[in-house]
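>>> Pasting a predicted model and its sequence here:
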Amino acid sequence: MSLFLSKLIPAFVYPLGFAIVLGLVAVALYRHRRLARICMAASVLVAWVSSTPAFSKWFCRVWEEPYHPVEAGEL
């Protein structure tokens, strides 16, 4: 069960999965129009911002910075 959860949970944390979840929440809240619009706008904003090159470069820099390149001979 933990293997299944360890593969499923990160999919909702990544930007595309998070945007999809927000979109589904907006659809589920169709009776509360204002809240549904906010969720849908947030979904589109998350999808758009995460697809821009500036965000991509920043995200890669943040996650790759602690791991410096290693020469092949050092392995």
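Good, I have the coordinates.

>>> what about Ala36, distance to Val27?
For Ala36, the distance to Val27 (CB to CB, to the nearest Å) stands at 8 Å. All C-beta atoms are positioned from the backbone trio N, CA, C, and that covers glycine.

>>> Those two: which is more packed in?
Higher neighbour count among Ala36 and Val27: Ala36, with 16 against 12, using other CB atoms under 10 Å.

>>> separation between that one and Lys7?
30 Å.

>>> same deal with Trp63?
With CB to CB as the criterion, Trp63 and Lys7 are 19 Å apart.

>>> Just the element for Tyr67, please.
Counting by DSSP states H and E, there is no helix or strand that carries Tyr67.

>>> Between the two ends of stretch 58-75, how far is it?
Its start and end residues considered, stretch 58-75 measures 28 Å (CA to CA, to the nearest Å).

>>> quick one: contacts of the longest helix along the chain?
If you go by DSSP state H, the chain has its longest helix at helix 33-50. Outside helix 33-50, the residues within contact range by CB atoms under 8 Å, 6 or more residues apart in numbering are 15-16, 18-20, 22-23, 25-27, 29-30, 55-56.
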